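In: Make a model of this:
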Amino acid sequence: MQKRHLIVLSTFVALACGSFAAQAQAPEWKKIRIGVEGAYPPFSEVGSDGKLKGFEIDLAMAYCAEIKAECTLVQQDFDGLIPALQARKVDAIIASVSITDERKKAIAFSNAYYNTPARFAAKADAKLDVSPAGLKGKKIGVQRATIHEKFVDATFKQSQIVRYATQDQAFLDLKSGRIDLTLADLVAIDQGFLAKPEGKGFAFVGPSYDDVKYFGVGSGVGMRKADAASLGKKFNDAIAAVAANGTFKKLNDKYFAYDIAPKK
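Out: Numbering: from 1, shown residues only. Predicted coordinates:
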């Protein structure tokens, strides 16, 4: 009987110690490394002073202020962000990463913090039939590892798909005539190309695209699945607070002439 009591007591102590150890090991998230792209204006870009700037840069800092964490921004090519997260080089991603079912197989997401549709841009006088048949043989530029690449691959099978490391590279080739169109986020095309001198003579063409199958339900903060309960709650609380206290609207109005908040 004594032996049985000793076994039960030992088991209880082991479980209790394990519980305390787990609590001790649970991250407090006083310091957070955030992966950003830095080549996707007006969401994030590197200014002439070499510093990161843009809507998502400001938004990330607003979230960190709510979380009361010291945040470090880690610049990374878009197609390297999720691998960097999985390799524990960053703790979270704030880089217009759309919440899709496919991506949720690999990482966890916060609630969406903005949502905008995708559109094509081309020469204003191109008179293109923006349909799978109408764009047969046309060169479509897209950024690698994006929802836009997935969409054109699946939809415009008779077109030539040209892939780029950054959206800015696609804009350069569109301007020079090396591609016929580019598909990207409406805001990225509007503010990052059409509103600039190099976008003169170009325009949106075709419809807006927002099919949840390809484009998801908006952009969210990406994180490792193991951190979803702890870090995810902190970001969700911060997203709600920044929306409620007017900071999101202030930043929205600073960068855009339209509302990009997710529809409720």
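
In: elements contacting the helix or strand hosting Ala122?
Out: Per DSSP states H and E: Ala122 is located in strand 118-123. Here strand 118-123 touches helix 147-155, strand 181-185, helix 186-189, strand 202-209, going by 3 or more Cβ pairs under 8 Å, 6 or more residues apart in numbering; DSSP states H and E. In this view, the C-beta of every residue, glycine as well, is placed from N, C-alpha and C.

In: In terms of secondary structure, what does whichever helix or strand comes after the first one contact?
Out: Per DSSP H and E, helix 147-155 leads on to strand 160-164 as the next helix or strand towards the C-terminus. Contacts of strand 160-164 with other secondary structure elements, assessed using 3+ Cβ pairs under 8 Å, 6+ apart, are made with strand 139-143, helix 147-155, helix 167-176.

In: Next, count neighbours for Ile93.
Out: Residues lying near Ile93 (other Cβ atoms under 10 Å) number 26.

In: so it sits right up against Leu85, yeah?
Out: Yes: counting by Cβ atoms under 8 Å, Leu85 is a contact partner of Ile93 at 5.8 Å.

In: Mutual contacts of the two, please.
Out: Gly35, Ile107, Gly222, Met223 (Cβ atoms under 8 Å, 6 or more residues apart in numbering).

In: picking that back up, the strand holding Ala122 pairs with which strands, and in what direction?
Out: strand 181-185 (antiparallel), strand 202-209 (antiparallel) (DSSP bridges).

In: most tightly surrounded among these?
Out: Using mean count of other Cβ atoms under 10 Å, the stretch among the strands paired with strand 118-123 with the largest mean neighbour count is strand 181-185, at a mean of 26.

In: quick one: contacts of it?
Out: Applying Cβ under 8 Å, 6+ apart, the external contacts of strand 181-185 come out as 96, 116-122, 128, 130, 135, 138-143, 146, 148, 151-152, 167, 170-171, 174, 189, 205, 209.

In: Tell me what angle it forms with helix 147-155.
Out: For strand 181-185 against helix 147-155, the angle by axes from the mean of the first three to the mean of the last three Cα atoms, to 10 degrees is 130 degrees.

In: Return the alpha-carbon coordinates of strand 181-185 using CSV.
Out: Extracted C-alpha coordinates of strand 181-185, given in CSV (Å, rounded to 0.1, in the frame of the first residue of the first chain):
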residue,chain,number,x,y,z
LEU,A,181,-0.2,43.1,-67.4
THR,A,182,0.5,42.6,-63.7
LEU,A,183,-1.9,41.4,-61.1
ALA,A,184,-1.5,42.6,-57.5
ASP,A,185,-3.4,44.1,-54.6
